[in-house]
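Engineer: pasting a predicted model and its sequence here:
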Amino acid sequence: MRRLFVNPAPTSRDIDMATIYAPFHRHAASPQPAQPKAIAGTRLAAFSALAVPVYAAQVPISNFVPAFYAQQFGFSLTVLGAIFLAERIWGALADPIVGMLCDRTRSRFGRRRPWLAGGAVLYGLAALAIFFPPSGISPLYLGAALFAFYLGWAMIQIPYLAWSGEISGEYHERTRIATFMTVAGSSALLLVLLLPTLVDQLQPGDDRLRLGAMGAVILLTLLPGAWLTLRAFPEPPVADAPRGKGLGLLRTLRLIAGEKLLLRVILSDLAVTFGQGVRGALFIFVVTIYMGLPQWGSALLLSQFVFGIAAGPIWMQVAKRFGKHRTAIAGELVQVTINLGLLLLVPGDVPLLIGLTIAQGLAQGAGNLMLRSMVADIADEHRLRTGHDRAALFYSSFSISMKAGMALAVGVALPLVGAAGFDPSVAHNTPEALRVLLLVFALGPAIAHLASAALLRGFPLDEAAHAAVRRKLDRQLATNN
């Protein structure tokens, strides 16, 4: 049997995996310990409050900010593309740096709180600069504001995700925590998507008001959200880690590459976000041009978000019955079926389009939700095996996979349909170009979600195995104290 786990003391001999797994898989009928009491929903809601201003910026930054600065300040698309590409690269570099430093932080306020508080200040100032710019600014202004924005975002997001996995060590309770955060963030996205429509009804063509309204959501929820989150829970005690050399970039990459379970989750999430990104990049084109329903585009996108919010608690209950990785696999296979069903769409078929969009909304959160919760379990296994707590670093690598998946989706989907002759700026596209548009829209996500499910098949760190890991960690902590 391959050896994966070691004794609690970091320098002692390895323990065979069967030492941990066998008592649970061979003696399933043995008495089980009492289940821990569930965390109060009010406290989880308070902890999830910071997800509102963080998630609320995702759509505006990607979809509205570039167009606003191009139209209002005359920035060329080439310059804007270079700025946003550079900031994406900077964001990908900032995530692991923040993760490593956060894991090493020791202060009387905890490891995560100082980063969240400092990140919230920087994030708020950068958001103010981006969403309420003065007149006559240069591209350098936007570049500097985005630099600060993505750094503040990383300083919030990475410690926030790591702390969410430390609130409880219980397998299913972690899924519940992730569900609260996902629902809060999705609700923020829904509100931000509604605002441009409302502004267009009140002040048509007022781009500054539209962008300012979205920025106001971020700024008005940031302070109360940070205050509620920072006060919701105490940070758990941190055991002293074995002393050694700090991790440089190359050693960090080698460490992550050597974590086989983490790599499976990262690649699975990369596939999930790639599939969602392809669908997002082509959704409006399919609805407005292929289907010939321009009046339905925004409404269908909103409905998908609404049903996605409603589905979060449903998938949480499914995971409680079948486990995280099995639930994620089931959700991804449902996604495969839905996306293959898109091949049946014909122009004007509104009922089928509505049905598939609703189904997509109900299914879309399963993979994201379960994979996020699984990272905390993997961090526990790593801490037992090595003595190092690297939860924030692991979540930073997970964050990179999300960003890479979205960027890769746009970089693949748009050139593919463009090479087939599809042009959204012309009045009529050829039937062949429209057919390729539908094929990429349907098959790209279907293949990606199938790959995600395949990567999770036979995932060994299930509820029983994780319970064994937690017991050993608890004994280690008791011994050290």
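Structural biologist: Everything's here; your move.
Engineer: any regions of the stretch 1-150 of the chain where pLDDT drops low?
Structural biologist: Within the stretch 1-150 of the chain, the stretches with pLDDT under 70 are 1-37, 63, 77.
Engineer: residue boundaries of the helices in it?
Structural biologist: Counting by DSSP state H, counting those that start in this stretch, the stretch 1-150 of the chain has these helices, from start to end: 17-26, 41-47, 51-56, 58-59, 65-73, 77-104, 113-131, 139-166.
Engineer: got JSON lines for those, with distance to residue 378 too?
Structural biologist: Heads up, the C-betas are built off the backbone N, CA and C, glycines and all. Putting the helices of the stretch 1-150 of the chain into JSON lines (distance: least, C-beta to C-beta, whole Å) gives the following:
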{"stretch": "helix 17-26", "distance to residue 378": "14"}
{"stretch": "helix 41-47", "distance to residue 378": "21"}
{"stretch": "helix 51-56", "distance to residue 378": "22"}
{"stretch": "helix 58-59", "distance to residue 378": "25"}
{"stretch": "helix 65-73", "distance to residue 378": "34"}
{"stretch": "helix 77-104", "distance to residue 378": "14"}
{"stretch": "helix 113-131", "distance to residue 378": "21"}
{"stretch": "helix 139-166", "distance to residue 378": "9"}
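Engineer: residue 355 is nearest to which of those helices?
Structural biologist: Across these, residue 355 has its closest neighbour in helix 58-59 (24.6 Å, C-beta to C-beta).
Engineer: list the buried residues of the one helix or strand residue 315 maps to.
Structural biologist: Assigned by DSSP states H and E, residue 315 falls within helix 297-322. For helix 297-322, the neighbour count (16 or more other C-beta atoms under 10 Å) marks 297-298, 300-301, 303-305, 307-309, 311-312, 315-316, 318-320 as buried.
Engineer: what is the burial count for the closest residue in space to residue 86 that isn't next to it in sequence?
Structural biologist: For residue 86, ignoring the flanking residues on the chain, the nearest one in space by C-beta to C-beta, 6 or more residues apart in numbering is residue 143 at 7.2 Å. For residue 143, the tally of surrounding residues (other C-beta atoms under 10 Å) stands at 17.
Engineer: tell me how far residue 143 lies from residue 79.
Structural biologist: According to C-beta to C-beta, to the nearest Å, residue 143 and residue 79 sit 9 Å apart.
Engineer: buried residues, stretch 191-204. List them.
Structural biologist: Within stretch 191-204, the residues scored as buried using 16+ other C-beta under 10 Å are 191-193, 195-196, 199.
Engineer: sort out which of those are in helices and list them.
Structural biologist: The helices in this structure, assigned by DSSP state H, contain 191-193, 195-196, 199 from those.
Engineer: nearest to residue 334, of these?
Structural biologist: Out of these, the member with the shortest distance to residue 334 (by C-beta to C-beta) is residue 193, at 23.8 Å.
Engineer: the closest residue to the closest one other than its chain neighbours and residue 131, how far apart?
Structural biologist: Computed as C-beta to C-beta, 6+ apart, the closest residue to residue 193 that is not its neighbour in sequence is residue 302, at 5.8 Å. Per C-beta to C-beta, residue 302 is found 21 Å from residue 131.
Engineer: ok, now residue 402?
Structural biologist: The gap separating residue 402 from residue 131 is 23 Å, by C-beta to C-beta.
Engineer: and the two? which has more neighbours close in?
Structural biologist: Counting neighbours by other C-beta under 10 Å for residue 402 and for residue 131 shows that residue 131 has the greater number, 25 against 21.
Engineer: my read: the more buried one touches residue 218, true?
Structural biologist: Yes. Residue 131 lies in contact with residue 218 (C-beta atoms under 8 Å); the separation is 7.1 Å.
Engineer: which residues touch the nearest residue to residue 122 once chain neighbours are set aside?
Structural biologist: Distance criterion C-beta to C-beta, 6+ apart; nearest residue to residue 122, sequence neighbours excluded, is residue 152 at 3.5 Å. Contact partners of residue 152, counting by C-beta atoms under 8 Å, 6 or more residues apart in numbering, are 119-126.
Engineer: so how many other residues sit close to residue 260?
Structural biologist: The number of residues packed around residue 260, counting by other C-beta under 10 Å, is 10.
Engineer: and it, how close does it get to residue 171?
Structural biologist: Between residue 260 and residue 171 the distance, using C-beta to C-beta, works out to 20 Å.
Engineer: with residue 185 instead?
Structural biologist: Between residue 185 and residue 171 the distance is 22 Å, computed by C-beta to C-beta.
Engineer: who has more neighbours out of those two?
Structural biologist: When residue 185 is set against residue 171 and neighbours are counted by other C-beta under 10 Å, the residue ahead is residue 171, at 25 against 20.
Engineer: quick check, the more buried one in contact with residue 466.
Structural biologist: Yes. Between residue 171 and residue 466 there is a contact under C-beta under 8 Å: 5.0 Å.
Engineer: and for these two, which residues touch both?
Structural biologist: With contacts taken as C-beta under 8 Å, 6+ apart, residue 171 and residue 466 have residue 377 as neighbours in common.
Engineer: just the contacts of residue 152 now: which is nearest residue 360?
Structural biologist: Proximity of the contacts of residue 152 to residue 360 was ranked by C-beta to C-beta; the top entry is residue 123 with 30.7 Å.
Engineer: and the closest one, how many neighbours?
Structural biologist: Residue 123: 28 surrounding residues under other C-beta under 10 Å.
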